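> any chance you could fold what I've pasted below:
(one chain, ligands or ions: 1)
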Amino acid sequence: MEQISNYVNGQLVAPISGSYLENINPAEGKVYSLLPDSDERDVETAAVAAQSAFQSWSQMPLAKRASILLKIADLIDRDLELLAFSESVDQGKPMKLAESVDIPRASANMRFFATASMHMAAESHLMEGEAINYTTRTPIGVAGCISPWNLPLYLFTWKIAPALASGCTVVAKPSELTPMTAFLFSKLCMEAGLPAGVLNIVHGLGKKVGQAIVEHPVISAISFTGGTVTGKTIAATAAPMFKKLSLELGGKNPNIIFADCDLEEALSTSINSSFSNQGEICLCGSRILVERSLYDRFVSDFVKRTKDLAVGDPLDETTRLGALVSEGHMQKVLSYIELAKQEGGTIACGGERVKVEGRCASGYFVAPTVITGLPQNCRTNQEEIFGPVVTIMPFDAEEEVIAFANSTAYGLSATVWTNNLKRAHRLAHQLKSGIIWINCWLLRDLRTPFGGMKQSGVGREGGWEAMRFFTEAKNVCVKL
Ligand code: TXE
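Got it, this is the predicted structure:
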């Protein structure tokens, strides 16, 4: 059985404990590889390696540093099929989705930040007749990057690319549920000639490895994507150590549909925004709010299309929804469907585990589920489910839908479907979310700031925000 290694100081190494954890293929419900059960000793070795690599990496000419990162991007593209296959086996998502979205976006991340680093400019401010100020931005040192399981290589590179491009060295931990693509990535780093210690990947459990990264005194910035509860623990540990923190957490995103929208586009995109990646994307629109005059028609068309979505073997070309990431996560999603029933909801379609024939007979599949008839303030409509479950609710007026949309503790993204230009802009300004999509979903321009409001996180990633996060500003004031 394949055994994943840590990547420390430029070498593939076993965990110091010698212990391994089982890595499960969620579509089959079977162990298919082993990953290091690392602990604080491995993090210590990785942090020492990162610290000693820092000086030469941060002082390397920008063009040379960028060329290594660009080479990694090329190698990701070369290995697209293998990486997409591995991500699908690890995570349960349709391989087609990994091939068309996740892996291409991973190489795009590397390329974007590699080239961005060559365009960073220093600011200067003239105090007329008195002084000139100039600002330098230097890499913060060793960064800790902790990533989740839903978009494994995409979110892993989303964190490490700006850190490395800024001149930081990194100790990173992918999710223990989906370690395979980060392991393959470490081999690509070696092939691309990334100097030893610049990136260190320590596999293992959040409570052991993740916690040790957050606590390590040498690591001065933490970039984390994951659940809000974990984010709180990380903030509580890192804040008293005065570490820089970027937390990308959960969402309960509204998808607002006005009667004057282009219905066909709203329907087909809403199917994607509800069920892509089995609903395991923090940006999924899990609360669909429909203007009352369109409500009945929308629900009936949406349910019809949902029933047509093929749930099954992630490696099958025709599959639209694969397996959920783990048995535990599947149970969590199913328990929310039970809760919705107790709260008075009607299951318009789905609502149960799906048994797939053949090799996937023991996999963790859940039917895409549409729930109607729930009030706005019930738990089903307030808490993040993170699965193929959406609720649909009617609204009558613009002010009412804004209040509904803003009623949760989260504020990550929102989508608005309307052909009324003024209304679109009005809503965009009143919705408390880090990103607002008007008549679209999941379009990303990597130059824009990305992140959530309220309990969806603190800090912004993307573009200059990410490059700045991994650097420290210093102002020099020169008397004229
Ligand atoms: O994520 P965790 P979980 C949401 C989603 C999901 C819930 C819990 O609602 O049901 O979070 O998922 C590492 N110190 N999202 O528990 O634990 C962990 O090993 C440091 C939203 O699987 O947050 C992994 O690498 N690190 C989301 C990473 O944190 C710790 C994506 C994320 O895992 C740690 C995933 C600790 N104490 C889940 N404990 C999104 N925003 O996209 C765990 N980790």
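
> which residues of the stretch 151-300 of the chain lie near the ligand?
173, 175-176, 206-207, 210-211, 214, 225-227, 230, 233-234, 248-250, 282 (C-beta under 6 Å from any ligand atom). (C-beta placed from N, C-alpha, C; glycine too.)

> residue contacts, the residue nearest to Ser175 when sequence neighbours are not counted?
Distances taken as C-beta to C-beta, 6 or more residues apart in numbering place Trp149 nearest to Ser175, at 3.8 Å, with adjacent residues excluded. By C-beta atoms under 8 Å, 6 or more residues apart in numbering, Trp149 lies in contact with 91, 175, 177-178, 325.

> so what pLDDT did Trp149 get?
Trp149 is assigned 98 on the pLDDT scale.

> OK, contacts around Leu35?
Neighbouring residues of Leu35 by C-beta under 8 Å, 6+ apart: 4, 20-21, 23, 176, 179, 183, 203-204.

> so which of those belong to strands?
Judged by DSSP state E, the contacts of Leu35 include 20-21, 23 as members of strands.

> can I get those in TSV with distance to the ligand, neighbour count and pLDDT?
As requested, the ones in strands among the contacts of Leu35 are exported to TSV (distance: C-beta to the nearest ligand atom, whole Å; neighbours: other C-beta atoms under 10 Å; pLDDT from 0 to 100):
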residue	distance to the ligand	neighbour count	pLDDT
Tyr20	16	19	98
Leu21	11	20	98
Asn23	13	23	98
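
> Leu427 and Ser456, how far apart?
From Leu427 across to Ser456, the span is 18 Å (C-beta to C-beta, to the nearest Å).

> more neighbours, those two?
Higher neighbour count among Leu427 and Ser456: Ser456, with 27 against 21, using other C-beta atoms under 10 Å.

> report pLDDT for that one.
Value listed for Ser456 in the pLDDT field: 97.

> need the contact list for the spatially closest residue to it that is not a sequence neighbour.
Nearest residue to Ser456 in three dimensions, chain neighbours excluded: Leu412, at 3.9 Å (C-beta to C-beta, 6+ apart). Counting by C-beta under 8 Å, 6+ apart, Leu412 touches 249-251, 253, 282-283, 433-435, 452-453, 456-457.

> break the protein down into its domains, please.
2-249+456-479, 254-445 (automatic domain parsing).

> just want the phi and psi numbers for Pro375.
phi -70, psi 160 (degrees, to the nearest 10).

> which residues touch it?
Contacts for Pro375 (C-beta under 8 Å, 6+ apart) come out as 343-344, 381.

> against Phe85, how distant is it?
For Pro375 relative to Phe85 (C-beta to C-beta), the value is 44 Å.

> and Glu291, what are its bridge partners?
When assigned by DSSP bridges, Glu291 has beta-bridge partners Phe395.

> on the three-state scheme, the residue in the stretch 351-480 of the chain positioned nearest to the ligand is what?
Proximity of the stretch 351-480 of the chain to the ligand (C-beta to the nearest ligand atom) peaks at Phe386, 3.6 Å away. Of the three states, Phe386 takes coil under DSSP: H, G, I helix; E, B strand; the rest coil.
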